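[1] Need the 3D shape of this:
(one chain, ligands or ions: 2)
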Amino acid sequence: MRTIAPKAMAKRVHVAVGVVMDNQGRILIAKRPDHVHQGGLWEFPGGKVEQGETLIQALDRELFEELDIRVDGALPLIDIIHDYPDKQVHLAVCRVVSWHGMPVGKEGQPTRWVEPHELDQYPFPAANYPILNALQLPERCLITGEFATPADLTRRLRAALSTGLRMVLLRAHDVSVGEYVCLAQEAIQHTKAKGVKLLLAHPHILDVVREVNADGVHLSSSQLMSLGADVKTNIPDDWMIGASCHSPAELRQAELIRASYVFLSPVKATASHPGKPPMGWVKFAELARRAQVPVYALGGLADCDVAQAIEHGGQGIAAIRAWW
Ligand SMILES: Nc1nc2c([nH]c(=O)n2[C@H]2C[C@H](O)[C@@H](COP(=O)(O)OP(=O)(O)OP(=O)(O)O)O2)c(=O)[nH]1
Ligand SMILES: [Mg+2]
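    Ligands and ions are numbered 1, 2, ... in the order given. So this is what the prediction gives:
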């Protein structure tokens, strides 16, 4: 009997991708030539890591070849594993925090400086979806803690927002969903005025999600794992969806529903979940680097942990006590 050899798995291409920012926070994008893979779409400059090169060496060489700039410092932003029908890529995406030179499209490619919120106006390859999310999310996300009355919630929220936070998850599990909607409608007055993103979190939030003009909804891990196929029809298209995750299976589910971000916890011991063993930064990094979604570290963290979280492949930190 004749045996047929299994089709050889094509090799995954390791690509160094650079998000170059100027000192006004604008990001440099370039248009891929029509004839190349994913041609005609916009990209963050970069290219294949060659044999024997470190990621930073590849990034520096590619940005010099494509843009005539040199990389002086870069931090990990997100790692993407994506299978196109004709090519499998691993995009190691870095935020280029320090560089010199005058960027030009050396290969004749059009380039443009854009604000993070303008990125959605440009067509990017499908693999870039989590990168675009990561670039529009802040480093710190507040989770609201305990409060005595609605007025106390407002007072605490305003004090927290005055420290420059740009994303808030309104968590109030002990109130009815009707009361929750009232609290959210009050909170939105304070967040919208400051351009702060407000995410809704409540055990019954999916029943009332359209009653508040918020920016997104945050799912508990059990809500995430028991989602019906109709989740996307309940939630407005332009809303963010976030989720709390504690395991690789939950992270996979968040990727499947194309979550905008996740929380991964507990990184350190935390007063809100005493007795839960912390995973520590090494485990966090292992899980975050494999996740195809921006990951906030959560659990016993404060401002002084933001840099650690980013160095370990996270988007930043989420916390209650640090800012409440
Ligand atoms: N540079 C870059 N590549 C991306 C992005 N998104 C995305 O899917 N890719 C894919 C397209 C390509 O298959 C691969 C990168 O290859 P490339 O064409 O930039 O590689 P290169 O600069 O080394 O090009 P070449 O020398 O082989 O012509 O990754 C992105 O934002 N930036
Ligand atoms: Mg390239």
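[2] Tell me if I'm right that residue 209 and residue 217 touch.
    Yes. Under the criterion of C-beta atoms under 8 Å, residue 209 makes contact with residue 217 at 5.8 Å. All C-beta atoms are positioned from the backbone trio N, CA, C, and that covers glycine.
[3] Neighbour count: the two, which is higher?
    More neighbours surround residue 217 than the other of residue 209 and residue 217, with 24 against 19 (other C-beta atoms under 10 Å).
[4] coming back round to it: so what's in contact with residue 209 and residue 217 at the same time?
    By the contact definition C-beta atoms under 8 Å, 6 or more residues apart in numbering, residue 209 and residue 217 are jointly contacted by 200, 235.
[5] ok, now how distant is whichever residue of the chain sits closest to ligand 1 from residue 16?
    As assessed by C-beta to the nearest ligand atom, ligand 1 sits closest to residue 47 within the chain, at 2.3 Å. As defined by C-beta to C-beta, to the nearest Å, residue 47 lies at a distance of 7 Å from residue 16.
[6] The two: which is more packed in?
    Set residue 47 next to residue 16 and count neighbours by other C-beta under 10 Å: residue 16 wins out with 27 against 18.
[7] And this structure, what are its domain boundaries?
    Per automatic domain parsing, the domain ranges recorded for the chain read 13-129, 140-319.
[8] Tell me which of those is the most buried.
    domain 140-319 (a mean of 18; mean count of other C-beta atoms under 10 Å).
[9] ok, and does it reach over to ligand 1?
    No. Domain 140-319 stays clear of ligand 1 (C-beta under 6 Å from any ligand atom), getting no nearer than 12.5 Å.
[10] can you list the weak-confidence ranges in the stretch 101-250 of the chain?
    Applying pLDDT under 70 to the stretch 101-250 of the chain picks out residues 229-233.
[11] check contacts around residue 136.
    Counting by C-beta under 8 Å, 6+ apart, residue 136 makes contact with 116-117, 119.
[12] quick one, phi psi at the residue lying closest to residue 250 once chain neighbours are set aside?
    Spatially, and ignoring its direct neighbours in sequence, residue 250 is nearest to residue 221 (5.2 Å; C-beta to C-beta, 6 or more residues apart in numbering). Backbone torsions of residue 221, given as degrees, to the nearest 10, read phi -60, psi -30.
[13] Now do residue 221 against residue 172, distance only.
    Residue 221 is 18 Å from residue 172, by C-beta to C-beta.
[14] so residue 155 sits in a helix?
    Yes. Judged by DSSP: H, G, I helix; E, B strand; the rest coil, residue 155 forms part of a helix.
[15] OK, contacts around it?
    Contacts of residue 155 (C-beta under 8 Å, 6+ apart): none.
[16] quick one: which helix or strand includes the residue nearest to residue 67 when sequence neighbours are not counted?
    Among residues not flanking residue 67 along the chain, residue 103 sits closest, at 4.5 Å (C-beta to C-beta, 6+ apart). Under the criterion DSSP states H and E, no helix or strand holds residue 103.
[17] Show the contacting residues for residue 103.
    20, 28, 67-69, 111.
[18] what does residue 39 give?
    Residues counted as contacts of residue 39 (C-beta under 8 Å, 6+ apart) are 32-33.
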